[in-house]
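Participant: pasted the sequence and its predicted model underneath.
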Amino acid sequence: MIIGYARVSTEDQHLDTQISALEGVGAGRIFAEKISGTKRARPELEHMIDQLRDGDVVVVTKYDRLSRSLQDLLTIVEVIRAKGCGFRSLAEDIDTTTPAGRLVFHVFASIAQFERERIAERTKEGLAAARRRGRVGGRPPALSKERRAEVQRMRDQEGRGIGELARLFQVSPNTIRRA
(Lines give C-alpha, C1' and ligand atoms only; values in the text may rest on other atoms or scores of the structure.)
Protein backbone atom coordinates (compact mmCIF):
# COMPACT_ATOMS: atom_id res chain seq x y z
CA MET A 1 0.00 0.00 0.00
CA ILE A 2 1.16 3.54 -0.69
CA ILE A 3 1.15 5.58 2.51
CA GLY A 4 1.38 9.36 2.27
CA TYR A 5 2.84 11.72 4.82
CA ALA A 6 2.21 15.47 4.64
CA ARG A 7 3.43 18.14 7.04
CA VAL A 8 3.47 21.91 7.31
CA SER A 9 5.25 23.85 10.03
CA THR A 10 2.63 26.35 11.12
CA GLU A 11 -1.11 26.49 11.62
CA ASP A 12 -1.58 29.16 8.94
CA GLN A 13 -0.03 26.96 6.22
CA HIS A 14 -2.17 24.54 4.22
CA LEU A 15 -1.77 20.83 3.51
CA ASP A 16 -4.04 20.84 0.41
CA THR A 17 -1.28 20.83 -2.23
CA GLN A 18 0.64 18.01 -0.55
CA ILE A 19 -2.48 15.92 -0.02
CA SER A 20 -3.54 16.36 -3.66
CA ALA A 21 -0.10 15.27 -4.88
CA LEU A 22 -0.13 12.23 -2.60
CA GLU A 23 -3.63 11.27 -3.75
CA GLY A 24 -2.41 11.71 -7.33
CA VAL A 25 0.23 8.97 -6.87
CA GLY A 26 -2.31 6.61 -5.35
CA ALA A 27 -1.78 7.01 -1.61
CA GLY A 28 -4.36 4.78 0.06
CA ARG A 29 -3.83 6.42 3.42
CA ILE A 30 -2.43 9.85 4.24
CA PHE A 31 -1.07 10.99 7.58
CA ALA A 32 -0.98 14.78 7.89
CA GLU A 33 0.07 17.17 10.62
CA LYS A 34 0.81 20.81 11.32
CA ILE A 35 3.99 20.79 13.39
CA SER A 36 7.59 21.90 13.00
CA GLY A 37 9.91 19.32 11.46
CA THR A 38 12.41 20.05 14.22
CA LYS A 39 10.05 18.71 16.88
CA ARG A 40 11.04 15.28 18.13
CA ALA A 41 7.48 14.22 18.93
CA ARG A 42 5.41 14.23 15.76
CA PRO A 43 2.31 12.17 16.61
CA GLU A 44 1.13 11.53 13.04
CA LEU A 45 4.59 10.48 11.87
CA GLU A 46 4.87 8.08 14.81
CA HIS A 47 1.35 6.77 14.14
CA MET A 48 2.21 6.25 10.45
CA ILE A 49 5.39 4.33 11.32
CA ASP A 50 3.42 2.13 13.75
CA GLN A 51 0.90 1.34 10.99
CA LEU A 52 3.48 0.33 8.36
CA ARG A 53 3.37 -3.23 7.04
CA ASP A 54 5.89 -5.14 4.95
CA GLY A 55 5.77 -3.95 1.34
CA ASP A 56 4.28 -0.51 2.05
CA VAL A 57 5.84 2.55 0.45
CA VAL A 58 5.95 5.87 2.33
CA VAL A 59 5.57 8.80 -0.06
CA VAL A 60 6.24 12.48 0.65
CA THR A 61 6.08 15.43 -1.72
CA LYS A 62 9.55 16.62 -0.63
CA TYR A 63 12.02 14.90 1.66
CA ASP A 64 12.06 17.92 4.01
CA ARG A 65 8.41 17.21 4.83
CA LEU A 66 9.64 14.06 6.59
CA SER A 67 12.58 15.67 8.36
CA ARG A 68 14.53 18.93 8.69
CA SER A 69 17.93 17.37 9.40
CA LEU A 70 19.92 14.82 7.45
CA GLN A 71 20.55 12.64 10.49
CA ASP A 72 16.86 12.56 11.36
CA LEU A 73 15.94 11.80 7.74
CA LEU A 74 18.40 8.90 7.58
CA THR A 75 17.10 7.55 10.89
CA ILE A 76 13.45 7.71 9.79
CA VAL A 77 14.18 6.14 6.40
CA GLU A 78 16.14 3.36 8.15
CA VAL A 79 13.16 2.69 10.47
CA ILE A 80 10.92 2.53 7.39
CA ARG A 81 13.37 0.14 5.67
CA ALA A 82 13.62 -2.06 8.78
CA LYS A 83 9.85 -2.55 8.62
CA GLY A 84 10.25 -3.90 5.09
CA CYS A 85 8.95 -0.72 3.48
CA GLY A 86 10.21 1.70 0.88
CA PHE A 87 10.51 5.48 0.83
CA ARG A 88 9.69 7.77 -2.07
CA SER A 89 10.06 11.54 -2.41
CA LEU A 90 8.25 13.04 -5.38
CA ALA A 91 10.16 16.32 -5.79
CA GLU A 92 13.63 14.78 -5.58
CA ASP A 93 12.58 11.67 -7.54
CA ILE A 94 13.98 9.35 -4.87
CA ASP A 95 12.58 5.83 -4.61
CA THR A 96 14.32 3.44 -2.19
CA THR A 97 12.30 0.48 -3.40
CA THR A 98 14.93 0.01 -6.14
CA PRO A 99 18.69 -0.49 -5.78
CA ALA A 100 19.33 2.59 -7.96
CA GLY A 101 16.92 4.61 -5.81
CA ARG A 102 18.73 3.58 -2.62
CA LEU A 103 22.03 4.63 -4.21
CA VAL A 104 20.60 8.00 -5.27
CA PHE A 105 19.16 8.52 -1.78
CA HIS A 106 22.51 7.90 -0.08
CA VAL A 107 24.43 10.02 -2.57
CA PHE A 108 21.90 12.81 -2.17
CA ALA A 109 22.08 12.54 1.64
CA SER A 110 25.90 12.57 1.55
CA ILE A 111 25.96 15.69 -0.63
CA ALA A 112 23.51 17.43 1.70
CA GLN A 113 25.66 16.52 4.71
CA PHE A 114 28.81 17.72 2.91
CA GLU A 115 27.15 21.06 2.13
CA ARG A 116 26.05 21.54 5.76
CA GLU A 117 29.59 20.81 6.97
CA ARG A 118 31.05 23.27 4.43
CA ILE A 119 28.63 25.97 5.60
CA ALA A 120 29.73 25.34 9.21
CA GLU A 121 33.41 25.54 8.16
CA ARG A 122 32.87 28.81 6.28
CA THR A 123 31.02 30.26 9.26
CA LYS A 124 33.89 29.33 11.62
CA GLU A 125 36.45 30.77 9.18
CA GLY A 126 34.47 34.00 8.93
CA LEU A 127 34.23 34.33 12.71
CA ALA A 128 37.96 33.66 13.11
CA ALA A 129 38.79 36.30 10.46
CA ALA A 130 36.52 38.81 12.22
CA ARG A 131 38.26 38.09 15.56
CA ARG A 132 41.66 38.67 13.93
CA ARG A 133 40.37 42.07 12.77
CA GLY A 134 39.40 42.85 16.38
CA ARG A 135 35.69 42.17 16.09
CA VAL A 136 34.03 39.98 18.64
CA GLY A 137 30.59 38.54 18.30
CA GLY A 138 27.86 38.32 20.83
CA ARG A 139 26.03 40.77 22.94
CA PRO A 140 28.01 43.70 24.37
CA PRO A 141 28.56 43.58 28.15
CA ALA A 142 25.82 45.24 30.22
CA LEU A 143 28.42 46.92 32.43
CA SER A 144 31.68 48.51 31.30
CA LYS A 145 34.88 47.79 33.27
CA GLU A 146 34.48 51.11 35.06
CA ARG A 147 30.87 50.42 36.03
CA ARG A 148 31.79 46.89 37.19
CA ALA A 149 34.47 48.40 39.43
CA GLU A 150 31.91 50.90 40.76
CA VAL A 151 29.43 48.06 41.49
CA GLN A 152 32.14 46.15 43.41
CA ARG A 153 33.13 49.27 45.36
CA MET A 154 29.51 50.09 46.29
CA ARG A 155 28.86 46.48 47.31
CA ASP A 156 32.06 46.00 49.33
CA GLN A 157 32.59 49.45 50.84
CA GLU A 158 29.05 50.82 51.10
CA GLY A 159 27.35 47.47 51.75
CA ARG A 160 24.59 48.04 49.18
CA GLY A 161 22.37 45.10 48.29
CA ILE A 162 22.21 43.32 44.95
CA GLY A 163 18.65 44.44 44.25
CA GLU A 164 19.47 48.07 44.97
CA LEU A 165 22.54 47.98 42.71
CA ALA A 166 20.57 46.29 39.94
CA ARG A 167 17.95 49.08 40.03
CA LEU A 168 20.62 51.79 40.26
CA PHE A 169 22.59 50.47 37.24
CA GLN A 170 19.45 49.30 35.40
CA VAL A 171 20.64 45.72 34.95
CA SER A 172 19.48 42.35 36.24
CA PRO A 173 20.49 41.07 39.69
CA ASN A 174 22.43 38.26 37.96
CA THR A 175 24.54 40.85 36.13
CA ILE A 176 25.38 42.42 39.49
CA ARG A 177 26.25 39.00 40.96
CA ARG A 178 28.58 38.27 38.03
CA ALA A 179 30.27 41.67 38.48
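Facilitator: It's in. Numbers count the residues shown, from 1 in each chain.
Participant: leaving out chain neighbours, which residue sits closest to the residue minimising distance to the centre of the chain?
Facilitator: The residue lying closest to the centre of the chain (CA atoms, centre = their mean) is residue 38, at 4.2 Å. What sits nearest to residue 38 in space, not counting adjacent residues and going by CB to CB, 6 or more residues apart in numbering, is residue 68, at 5.2 Å. C-beta here means a position set from N, CA and C on the backbone, and glycine is covered the same way.
Participant: got the domain boundaries for this protein?
Facilitator: According to automatic domain parsing, the chain comprises the domains 2-97, 145-178.
Participant: beta partners of residue 32?
Facilitator: residue 6 (DSSP bridges).
Participant: who does the helix or strand containing residue 71 touch, helix- and strand-wise?
Facilitator: Residue 71 belongs to helix 70-82 when assigned by DSSP states H and E. Other helices and strands packing on helix 70-82, by 3 or more CB pairs under 8 Å, 6 or more residues apart in numbering; DSSP states H and E, are helix 43-51, helix 63-66, strand 86-89, helix 99-132.
Participant: for that helix, buried residues please.
Facilitator: Under the neighbour-count criterion of 16 or more other CB atoms under 10 Å, helix 70-82 has 70, 73, 76-77, 80 buried.
Participant: can you put those in a markdown table and add pLDDT?
Facilitator: Rendered in a markdown table, the data for the buried residues of helix 70-82 read as follows (pLDDT from 0 to 100):
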| residue | pLDDT |
| --- | --- |
| 70 | 75 |
| 73 | 84 |
| 76 | 90 |
| 77 | 90 |
| 80 | 94 |
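Participant: run through who's touching stretch 24-36.
Facilitator: Contacts with stretch 24-36, where a contact means CB atoms under 8 Å, 6 or more residues apart in numbering, come from 1-11, 13, 15, 18-19, 22-23, 42-45, 47-48, 51, 59, 68, 88, 90.
Participant: show the buried residues in those.
Facilitator: 2-8, 15, 18-19, 22, 42, 44-45, 48, 59, 88, 90.
Participant: pLDDT below threshold where in the protein?
Facilitator: 37 (pLDDT under 70).
Participant: at 80 instead, please
Facilitator: Residues of the chain meeting the criterion pLDDT under 80: 10-12, 36-40, 68-71, 108-109, 111-113, 115-116, 136-137.
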